[in-house]
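Chemist: Need the 3D shape of this:
(one chain, ligands or ions: 1)
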Amino acid sequence: MSVDPAALRGPELLQNRLEFRRAMMVSATPGVVRRVTPRCVASAAPETNPKEQETVDESKRNTLKLLAIGGLVAVGAGAGTVGALQLLQPPMEGVSAYPRTQLFYDDGSPIIVSQYKYTYKDNGQIIFDYPLTNEPNMLLNINQLGNPAPQNALPKGDGTYLVAYSAICQHLGCIPPYISYYPPGQCGSYNGGNSIIHCVCHGSTYDPSVRDTSNGGGAKILSGPTVLPIPQTLLTTDSSGYLYAVGSLGVPVKGHTSTLAGGQGVTSAVKASSPETPTQTCPT
Ligand code: FES
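Modeler: Numbers count the residues shown, from 1 in each chain. Next up is the predicted model:
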């Protein structure tokens with residue numbers, strides 16, 4: 001079941017977006033673990049998609065920028081035009097390569113893979129920024145590997161694995177709480193009863209246990225309207241079992257020309273936390 005995008009407008013969601021952003025900003029440095037249990041909102045009133053709002057604003061901003069550039073070109077057809085155009089262009093943001101970033105709980109303690117405190121049955125979502133501060137990712141404990149399996153799935157030692165994916169839907173860019181992980185069986189026999197990643201904005205679903213093979217990696221699409229898999233975030237450990245994010249596989253995250261471009265880079269340590277209760281309803 002999907003939420004009608006036409007109804008996705010309202011001050012409550014703008015507030016949600018601000019709260020989410022505030023929470024993610026707080027999570028940029030180690031601090032106190034908080035995990036929340038999602039509520040089913042199958043019968044709740046539809047809410048605004050903050051990411052779509054952001055897309056509209058960006059479009060308006062680009063249009064204004066083009067008009068300004070056009071005006072300068074028309075007026076300044078002389079030697080000073082190039083310099084003026086360069087001044088109009090904002091400095092390119094991003095990072096030149098994927099950083100090696102260690103993941104921490106909210107309380108500042110490092111995440112150790114074999115002792116990861118959440119299980120594949122938990123449908124609270126654990127979110128961290130990587131490689132840019134405006135690129136949320138979901139850290140998942142999954143209980144099985146599909147064929148082909150996600151690359152670098154880290155065995156926890158109890159038969160389950162840690163994997164991570166972008167938390168920005170590849171359809172129109174919905175972010176948490178609208179896209180989230182659903183543990184095995186939460187949605188009955190959907191996907192054979194296995195876990196899914198589902199975006200309630202328009203109903204796209206992805207399989208976190210199966211790697212996409214046609215777009216360089218990522219979680220395989222189960223259902224549209226998305227036509228691109230959700231990028232996988234590569235994880236690794238050091239000799240002590242501490243957890244690090246080190247790269248990305250698949251297409252660029254939605255809204256970015258490159259997963260490395262279009263925002264500020266994260267530091268060498270970020271928190272993985274649950275900033276907001278996921279909005280969940282099972283796909284049909
Ligand atoms: S943004 Fe449309 S399904 Fe996720």
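
Chemist: which SSE is the nearest residue to Thr101 once chain neighbours are set aside in?
Modeler: Nearest non-adjacent residue to Thr101, counting by Cβ to Cβ, 6 or more residues apart in numbering: Ala245, 4.9 Å away. Quick note: C-beta positions are derived from backbone N, CA and C, even for glycine. Here Ala245 sits within strand 243-249, counting by DSSP states H and E.

Chemist: Also Val210?
Modeler: Secondary structure assigned from DSSP H and E places Val210 in strand 205-211.

Chemist: so where is this structure shaky, pLDDT-wise?
Modeler: Counting by pLDDT under 70, the chain shows low-confidence ranges at 1-92.

Chemist: Got the domain ranges for it?
Modeler: 5-48+92-280, 50-88 (automatic domain parsing).

Chemist: OK, contacts around Asn134?
Modeler: By Cβ atoms under 8 Å, 6 or more residues apart in numbering, the contact set of Asn134 is 262-264.

Chemist: 6 Å instead, please
Modeler: Counting by Cβ atoms under 6 Å, 6 or more residues apart in numbering, Asn134 touches Gly263.

Chemist: Confirm that it sits in a helix.
Modeler: No - per DSSP: H, G, I helix; E, B strand; the rest coil, Asn134 lies outside any helix segment and is coil.

Chemist: related to what we said a few turns ago, give the other helices and strands that the strand holding Val210 contacts.
Modeler: Under the contact criterion of 3 or more Cβ pairs under 6 Å, 6 or more residues apart in numbering; DSSP states H and E, strand 205-211 touches strand 136-142, strand 196-199, strand 219-223.

Chemist: And for the shortest one, what's in contact with it?
Modeler: Pointing back at strand 196-199 there. 169, 174, 178-179, 181-182, 205-206, 208, 283.

Chemist: since we're on Tyr206, how many residues are nearby?
Modeler: Residues contacting Tyr206 under the criterion other Cβ atoms under 10 Å number 26.

Chemist: and if you look at the one 3 residues further on?
Modeler: Other residues near Ser209 come to 24 when the count uses other Cβ under 10 Å.

Chemist: which stretch among the helices and strands packed on strand 205-211 comes nearest the ligand?
Modeler: Across the helices and strands packed on strand 205-211, the ligand has its closest neighbour in strand 196-199 (3.2 Å, Cβ to the nearest ligand atom).

Chemist: Sheet partners, orientation included, of that closest one?
Modeler: Here strand 196-199 has these sheet partners by DSSP bridges: strand 179-182 (antiparallel), strand 205-211 (antiparallel).

Chemist: Drop anything exposed from the contacts of strand 196-199.
Modeler: Buried members of the contacts of strand 196-199, scored by 16 or more other Cβ atoms under 10 Å, are 169, 174, 178-179, 181-182, 205-206, 208, 283.

Chemist: Can you narrow the residues you listed down to the ones near the ligand?
Modeler: For the ligand, the contacts drawn from these by Cβ under 6 Å from any ligand atom are 169, 174.

Chemist: Strands along the chain, start to end?
Modeler: Along the chain, counting by DSSP state E, strands occupy 39-40, 101-104, 126-129, 136-142, 154-155, 161-166, 179-182, 196-199, 205-211, 219-223, 232-237, 243-249, 269-271, 279-280.

Chemist: Return the distance of Leu243 relative to Cys201.
Modeler: 29 Å (Cβ to Cβ, to the nearest Å).

Chemist: who has more neighbours, the two?
Modeler: Neighbours around Leu243 and Cys201, counted as other Cβ under 10 Å, are more numerous at Cys201. The numbers are 26 against 23.
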